[in-house]
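**Q** any chance you could fold what I've pasted below:
(one chain, ligands or ions: 1)
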Amino acid sequence: MSERADLDGSEPVAPRTVEAEDPVISRFDPMLRSLLAFGLVEADGDDGTAQWRLVPAVQRRLQSLVSPAPPADKLIYFGHRCGSCGEHAPTRISSGTFLCDACRTTPVEELIARRQPRPA
Ligand SMILES: [Zn+2]
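**A** As a prediction, this is how the structure comes out:
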């Protein structure tokens, strides 16, 4: 046993040159290992020249994730007061203002007539 043996008694491994890893890419190692562990990627060969690609189900899912979001007037927001009547209700953005469905479908002239002057 040499005097440099590790604590478990094994001989120290001789130093060797390893290729410098890209610090940015190696940051994704845990995610890449997950892709492998869950079978979300597949290789088209088993030698060192294999090309990796996402399995078709993952490609379809990614496509749905990058599909354009619905138009702003179709999104419903919770936790906002209606910009017209002030009620807490599900709202949609209309001309940059959160409006409840009742106010959104009420003609503008009627809303203006209803509006009370605000205290200064
Ligand atoms: Zn309203």
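
**Q** what comes up buried for the lengthiest helix in the chain?
**A** The helix spanning the most residues in the chain, taking DSSP state H as the definition, is helix 56-66. Across helix 56-66, burial judged by 16 or more other CB atoms under 10 Å covers Val58. Heads up, the C-betas are built off the backbone N, CA and C, glycines and all.

**Q** from the chain's centroid, how far away is that helix?
**A** Here helix 56-66 shows a centroid-to-chain-centroid distance of 13 Å under the convention CA atoms, centre = their mean, to the nearest Å.

**Q** which residues sit against it?
**A** Helix 56-66 is touched from outside by Leu40, Val41, Leu54, with contacts defined as CB atoms under 8 Å, 6 or more residues apart in numbering.

**Q** the last one: neighbour count?
**A** Using other CB atoms under 10 Å, Leu54 is surrounded by 14 other residues.

**Q** excluding residues flanking it in the chain, which one is nearest it?
**A** Leaving out its chain neighbours, the residue that sits closest to Leu54 by CB to CB, 6 or more residues apart in numbering is Val41, at 5.8 Å.

**Q** ok, back up a step: what's the first helix or strand after the longest helix of the chain?
**A** Sequence-wise, the next helix or strand downstream of helix 56-66 (DSSP states H and E) is strand 91-94.

**Q** for that following strand, which helices and strands make contact with it?
**A** If contacts are counted by 3 or more CB pairs under 8 Å, 6 or more residues apart in numbering; DSSP states H and E, strand 91-94 sits against strand 97-100, helix 101-104.

**Q** a markdown table for these, including mean neighbour count and mean pLDDT?
**A** As requested, the helices and strands packed on strand 91-94 are exported to a markdown table (neighbours: other CB atoms under 10 Å; pLDDT from 0 to 100):
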| stretch | mean neighbour count | mean pLDDT |
| --- | --- | --- |
| strand 97-100 | 19 | 92 |
| helix 101-104 | 16 | 91 |
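
**Q** adding distance to Ser34 as columns, could you present these in CSV?
**A** Below are the helices and strands packed on strand 91-94 laid out as CSV (distance: least, CB to CB, whole Å):
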stretch, distance to Ser34
strand 97-100, 39
helix 101-104, 42
